[in-house]
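K.L.:
I would like the atomic coordinates for the input below:
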Amino acid sequence: MIRNCGRSALVFLAMLSTVAVGGNAQNLLTHHVRQATRDGSAPLVGHLLSTQTMRLVITLPLRNQDGLDRLLEDLYNPNSPRFRQFLSVQDFTASFGPTQEDYDAALDFARSHRLSVVGTSPNRVNIDVVGSVANIESALHIKMGLYKHPSEARNFYAPDREPTVDLPFSLWHISGLDNFSIPKPAGLDKRTGSEPAATTGSGPSASFLGSDMRAAYYGGTSLTGSGQSVGLFEFEGVDLADLNTYYANAHQTNNVPITLTSTDGTSTSCVNSSGCDDTEQVLDMTQALGMAPGLAHLIVYVGSTDASILNAMATDSILSAQIGCSWAWRPADPSTDDPYFQEFAVQGQNFFVATGDSGKWPTRKSPYYYPSDDALVVAVGGTDLTTSSAGGAWASESAWADGGGGISPDGIPIPSWQVATASSCSNCSKTLRNAPDVSANANFTFYVCADQTTCTANLYGGTSFAAPMWAGYLALVNQQAMSSTGKTVGFINPALYSIGNSSSYDTDMHDITSGSDGYAATTSYDLATGWGSPKGSSLITDLIAGGSGGGGGTADFSISASPSSISVARGGSNTDAITITDSGGNSSVSLSASGQGSGVSVSFSPSSLSSSGTSTMTVKANRNASRGTFTLTITGKNASFTHTTQVSVTIN
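P.N.:
Below is the predicted model of the structure:
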């Protein structure tokens, strides 16, 4: 459900490459060295002072990865008895968090190298440490160099080699070892030309307020996000005076309690006189609050590393089921944050990320894509929206010229729930992650108050507005879901893609078919706007249904083989039963096999099943087939889902 190739393979390969350095030193399971320092495009210009202090986040790998992958499949399979049976932080830690023994060993390792432990985490994943460069270099067997940045007018610090640690097990990652990539707002832009301003907004100069987006994309009054918490991912703090100014000028009142949380000691304050710009942070708040004005909590998480912010969101006493992120950065290894994103999905949390404002990926203008191309997030692109009136209904929408989207520049494999969609999308990759998943208004049509100065109308735009907007919309979904099922919907992409490939699509989403960001908007899914923008309460109903059942979406299914091993004599054949179990019977599941050796053929009768049932698989071996045992992979595929099972075949 989540990835075609899981993290377990990465962990296994990294363990195979473990080397002895200084006796018992272990490689880490992710990369840290930048390509620019490896290939010489960033020349060494010096070294960090040995007495300089650094703050790092040591991350331990999750445990029982195979079990975690299976659980993720089940949690988002409407046919599974574990469908949406999300875990608490405590249960996740007990099943998949590092052991207490390993966590204690990592703590002892840090302290033995004179690194001060300044933070621990309930899930035993993160350890925050502070220490001198000299002690860090000694602990990690590295040298901290200063390098000339290949594309920016500055120097950056980074390790000269991959770190290793004197532990009996491998760590996952260490954050804070370089500042090659300084995080930036992913989708925040100012009008530079003669782009048309809004004409139907409720704000000053007819600009759009957050409440206008609620009217356009939801259009109802009964759902307000009551009982729900929205989390916002921020690298800088905010001045709440700017939020108060926005509401005063809009002649509205905010009744949602706001919590500013520092995840690693980073200041939650941001004032322009000190050189801090809170434009991004304030607009994130206004869009989430505008869409869901009755939230129980809006929690703004502020930190200096993605590791500290994400883990705080995954372990807070108040878990936000919907999170918005409008920032981008370039990790040395795009799998770095997988443990946090997997924990989100298992705990029923959904992470929305803006895709940027530089048009079609890849782009030289702003080559910052991550984490919007990760397979475990919902990537949010941009549109140009027109409404019928101030505070009125949706009227029309086109792709926003600057919206980000395309094929994963980080080489992230295509997730299983996107395979069927990509097969009918001419510009989509069939092997890599495609984005965006959804979109919302991002044109230069918003009212913004920031930096303790005069507010602006129709000046700012960007997918930065769209991501928190979707987080607010999901709070409406989850309010209804809790009322009707007692559970939140969690990570929405499996259900969303099922809906997109079903007869419910046109009633659930605004299909954007005009405009371009370098990729043209087309009927159905496209790389400019994904599936489009939400269409009122219809999408809410079908997301709660899991993308199938009440909404008419394609049903998910499971596949199994019995027995799990067979023998075939050369010149003969044998059979096996392949069973499909689905939850709706509204889409045919085709069967295929791979992995058979030379001289072996496989057939199915029937070759597809339109409902739960069993197909007879026949394996034939000719007289020249090689003796031995191989693994046969049987693949079942319908319009939205692909699943596999395996049979061990011995040729005698």
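
K.L.:
beta partners of the closest residue in space to residue 448 that isn't next to it in sequence?
P.N.:
Nearest residue to residue 448 in three dimensions, chain neighbours excluded: residue 460, at 4.7 Å (C-beta to C-beta, 6 or more residues apart in numbering). (Glycine included, C-beta is placed from N, CA and C.) Here residue 460 sits in beta bridges with residue 190, going by DSSP bridges.

K.L.:
same deal with residue 557?
P.N.:
residue 582.

K.L.:
Test my guess that it contacts residue 579.
P.N.:
No: in this structure residue 557 lies outside contact range of residue 579 using C-beta atoms under 8 Å: 10.1 Å.

K.L.:
between the two, which one's more packed in?
P.N.:
Per other C-beta atoms under 10 Å, whichever of residue 557 and residue 579 has more neighbours is residue 557, with 26 against 16.

K.L.:
Backbone dihedrals for the residue nearest the centre of the chain, please?
P.N.:
The residue lying closest to the centre of the chain (C-alpha atoms, centre = their mean) is residue 377, at 1.8 Å. Dihedral angles of residue 377 (phi, psi; degrees, to the nearest 10) stand at phi -120, psi 170.

K.L.:
Residue 58 now?
P.N.:
Backbone torsions for residue 58, taken as degrees, to the nearest 10, come to phi -90, psi 120.

K.L.:
is it true that it touches residue 177?
P.N.:
No: if you go by C-beta under 8 Å, residue 58 and residue 177 don't touch, sitting 10.7 Å apart.

K.L.:
Who has more neighbours out of the two?
P.N.:
residue 58 (26 against 22).

K.L.:
Look up how far residue 106 lies from that one.
P.N.:
From residue 58 across to residue 106, the span is 6 Å (C-beta to C-beta, to the nearest Å).

K.L.:
Name the SS class of residue 54, please.
P.N.:
Following DSSP: H, G, I helix; E, B strand; the rest coil, the label given to residue 54 is strand.

K.L.:
Can you report how many residues lie near it?
P.N.:
17.

K.L.:
can you check residue 306 too?
P.N.:
The burial count for residue 306: 22, using other C-beta under 10 Å.

K.L.:
From residue 65, how far off is it?
P.N.:
For residue 306, the distance to residue 65 - C-beta to C-beta - is 21 Å.

K.L.:
now residue 381
P.N.:
Counting by C-beta to C-beta - residue 381 and residue 65 are separated by 31 Å.

K.L.:
neighbour-wise, which of the two wins?
P.N.:
Ranked by neighbour count (other C-beta under 10 Å), residue 381 and residue 65 place residue 381 first, with 36 against 20.

K.L.:
Confirm for me that residue 596 is in contact with residue 630.
P.N.:
Yes: Residue 596 is within contact range of residue 630, at 7.1 Å (criterion: C-beta under 8 Å).

K.L.:
Please identify every residue contacting each of these two.
P.N.:
Shared contacts of residue 596 and residue 630 (C-beta atoms under 8 Å, 6 or more residues apart in numbering): residue 649.

K.L.:
ok, the two, which is more surrounded?
P.N.:
Neighbours were counted for residue 596 and for residue 630 using other C-beta under 10 Å; residue 596 has more, 19 against 14.

K.L.:
residues touching the more buried one, list them.
P.N.:
602, 619, 630, 632, 649.

K.L.:
partners of the strand or helix carrying the second one, with directions?
P.N.:
Translated: residue 619. Using DSSP states H and E, residue 619 sits in strand 613-621. Looking at strand 613-621 with DSSP bridges, its partner strands are strand 573-582 (antiparallel), strand 600-605 (antiparallel).

K.L.:
quick one: the last one to chain centroid distance?
P.N.:
Using C-alpha atoms, centre = their mean, to the nearest Å, we find the averaged C-alpha position of strand 600-605 to lie 38 Å away from the chain's own average C-alpha position.

K.L.:
List of residues touching the helix or strand following that strand?
P.N.:
Per DSSP H and E, the first helix or strand lying C-terminal to strand 600-605 is strand 608-609. The contact list for strand 608-609 (C-beta under 8 Å, 6+ apart) reads 580, 588, 589, 590, 591, 615.

K.L.:
Of the strands paired with strand 613-621, flag the one that's most buried.
P.N.:
strand 573-582 (a mean of 18; mean count of other C-beta atoms under 10 Å).

K.L.:
Residue 172 against residue 29, yeah?
P.N.:
Yes: with contact taken as C-beta under 8 Å, residue 172 and residue 29 are classed as touching, separated by 5.1 Å.
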